[in-house]
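Engineer: Provided below are the primary sequence and the corresponding predicted coordinates.
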Amino acid sequence: MVSDWNSELSDIISGIDKGKYRDEAAVSRGIVMRLLTNLAWEPFDTEIVIPEYSLGAKKVDYALCPTNPQSPKVIIEVKAIGNIQGADEQLFRYAFNLGGDIIAVLTDGKTWCFYYVAGSGDIENRKVCSLDLTKDNPEYIKEKMERYLSFNNVSYGKSAGHAKDDWNKSREEKTIPQVFAELVREQDNPIIDLIIERCRKKDVIIHDKKSIVSYLSDIVSVNCGSSKTNEEKYFQTTEKVEYYTDNNDETIGKDAVKKKQTNRTSFFQFPPNGRSEYSNAIEMQVALFNELENKFPGFLDRYFENDFNKANKRFHISKNKNAFDNGCKPLIKDYFINSCTSNPLKINMIKHACEILNIKYDSDLIININNM
């Protein structure tokens, strides 16, 4: 670093607290330029740190171009302190015009947000780090600033590599709890069955799935932000399983299991018309998608072409049966629908269908999946 990081940061924070940086220009000169200098940039070399960099009809405040003025590695958009809200969409439009493995930075001097432009999803999903100079630990700030913005890291492409790694890690951290929550909500939950079997091997007989459901729901509540009350509400209709075994036989097979199952009904309804009821969720979904095609001709084509249908390269509906790894059910118009989806995903599919058709979920269309 060019100067002592802690003293430089302390002076900047003092200026923020005193209201020293009153507008974008003050933030740019008094904060951004100083930090770039500490990160080994030459901020007044306008072929490397290029101000007002043109992106078509738009301009971004700074582009960092360590090797080629025509090839930015980092773009920085500066706002006045407190004016960062909503500016990320503007930055996203700028960055989208560039493409490639670049880092986009949005800052009001106090808050610094770093984005991996080549990621997927909206701008928020591409955020890899957010710093608050007045709250975060100075060593942590230094570490992240160097990771994404130091001259050497940017010049040798390491910053983009770091951003990509952090973006992938962030997706994993968000997705794994979501997938776990989906598994917990599924009626035929392999996790529950596995726990029951492992408990049996330890001579513990589980008489009611609710104890396992309660435990898993607590984990979901803590790690996924779900409400335990909502989880319990969903599971209040799940089947109760009683296990018994002959004391002379330690083996428990299918014949040694008695199941008591509550009544469940899946249905859809277009008020004021009555319900159309089905014995399981997939039958209901097949009938609903066929009904939507009849009511709104072309619906299945529109759903098929929608990006939501092609998420993660796994189709929800398709005219190609081979598009589904684990089974499908026929729809009208030569389409097929994935028959191996969790109930939460079925609901999301139906909600998205409502968005495509501009009808109100839970108002124009009411559904129930197995008393969820």
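Structural biologist: Now that the structure is in, tell me what you want to look at. Numbering: from 1, shown residues only.
Engineer: which residues in the protein form helices?
Structural biologist: With DSSP state H as the criterion, the chain has helices at 5-17, 24-27, 33-38, 87-98, 138-149, 151-155, 158-185, 190-201, 210-224, 228-235, 281-295, 299-305, 343-357.
Engineer: quick one: the last one to helix 281-295, angle?
Structural biologist: Using axes from the mean of the first three to the mean of the last three CA atoms, to 10 degrees, the inter-axis angle of helix 343-357 relative to helix 281-295 is 10 degrees.
Engineer: Does residue 191 touch residue 209 like I think?
Structural biologist: No - using CB atoms under 8 Å, residue 191 makes no contact with residue 209, being 10.9 Å away. (Glycine included, C-beta is placed from N, CA and C.)
Engineer: out of those two, which sits in the busier spot?
Structural biologist: residue 209 (20 against 13; other CB atoms under 10 Å).
Engineer: where's that one relative to residue 215, distance?
Structural biologist: Look at residue 209 and residue 215: by CB to CB, to the nearest Å, they are 11 Å apart.
Engineer: what does residue 354 give?
Structural biologist: 34 Å.
Engineer: Between the two, which is the more surrounded one?
Structural biologist: residue 354 (17 against 13).
Engineer: Just give me the neighbour total for the closest residue to that one other than its chain neighbours.
Structural biologist: Nearest non-adjacent residue to residue 354, counting by CB to CB, 6 or more residues apart in numbering: residue 361, 4.3 Å away. Around residue 361 there are 15 other residues, counting by other CB under 10 Å.
Engineer: so residue 361 touches residue 351, yeah?
Structural biologist: Yes - the pair residue 361 and residue 351 passes the contact test of CB under 8 Å, sitting 5.1 Å apart.
Engineer: residue contacts, the closest residue to residue 41 other than its chain neighbours?
Structural biologist: Ranked by CB to CB, 6+ apart and with sequence neighbours excluded, the top spatial neighbour of residue 41 is residue 151, at 5.2 Å. Applying CB atoms under 8 Å, 6 or more residues apart in numbering to residue 151 gives the contacts 39-41, 66.
Engineer: okay if I get the residues you listed as CSV plus neighbour count?
Structural biologist: Output for the contacts of residue 151, formatted as CSV (neighbours: other CB atoms under 10 Å):
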residue, neighbour count
39, 22
40, 16
41, 22
66, 22
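Engineer: need the residues you listed in a markdown table with distance to residue 27, can you?
Structural biologist: Listed next are the contacts of residue 151 as a markdown table, based on distance: CB to CB, whole Å:
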| residue | distance to residue 27 |
| --- | --- |
| 39 | 16 |
| 40 | 21 |
| 41 | 17 |
| 66 | 23 |
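Engineer: which one of those is nearest residue 107?
Structural biologist: residue 39 (13.3 Å; CB to CB).
Engineer: Below-threshold pLDDT in the stretch 101-250 of the chain: ranges please.
Structural biologist: Where the stretch 101-250 of the chain drops to pLDDT under 70, the residues are 185-188, 217-250.
Engineer: pLDDT score assigned to the residue nearest to residue 304 when sequence neighbours are not counted?
Structural biologist: Nearest residue to residue 304, sequence neighbours excluded (CB to CB, 6+ apart): residue 317, at 5.6 Å. Here the pLDDT value assigned to residue 317 is 92.
Engineer: Over to residue 36?
Structural biologist: You'll see residue 36 listed with a pLDDT of 95.
Engineer: which residues touch it?
Structural biologist: Residue 36 neighbours (CB under 8 Å, 6+ apart): 43, 49, 149.
Engineer: and residue 153, how many neighbours?
Structural biologist: Neighbour number of residue 153 under other CB under 10 Å is 22.
Engineer: I figured the residue nearest to residue 304 hits residue 301, correct?
Structural biologist: No - taking contacts as CB under 8 Å, residue 317 lies outside contact range of residue 301: 9.9 Å.
Engineer: still on that earlier bit, next up, the contacts around the residue nearest to residue 354.
Structural biologist: 350-351, 354, 367.
Engineer: And the residue nearest to residue 277 when sequence neighbours are not counted, how far from residue 60?
Structural biologist: For residue 277, ignoring the flanking residues on the chain, the nearest one in space by CB to CB, 6+ apart is residue 267 at 4.4 Å. Remark: distance between residue 267 and residue 60 (CB to CB) = 52 Å.
Engineer: Over to residue 120?
Structural biologist: On the measure of CB to CB, residue 120 and residue 60 end up 22 Å apart.
Engineer: of these two, who's got more company?
Structural biologist: residue 60 (24 against 11).
Engineer: Nearest to residue 20 among the contacts of residue 361?
Structural biologist: residue 351 (48.5 Å).
Engineer: Before we move on, what's the pLDDT of the closest one?
Structural biologist: 92.
Engineer: Beta-bridge partners for the residue lying closest to residue 288 once chain neighbours are set aside, please?
Structural biologist: Leaving out its chain neighbours, the residue that sits closest to residue 288 by CB to CB, 6+ apart is residue 268, at 4.7 Å. Listed beta-bridge partners, residue 268: residue 276, residue 367 (assigned using DSSP bridges).
Engineer: wait, which of the contacts of residue 361 is closest to residue 281?
Structural biologist: residue 367 (9.4 Å).
Engineer: how near is the closest one to residue 138?
Structural biologist: 52 Å.
Engineer: Neighbour count for these two, which is higher?
Structural biologist: Between residue 367 and residue 138, counted using other CB under 10 Å, the more crowded position is residue 367 (22 against 15).
Engineer: That'll do, ta.
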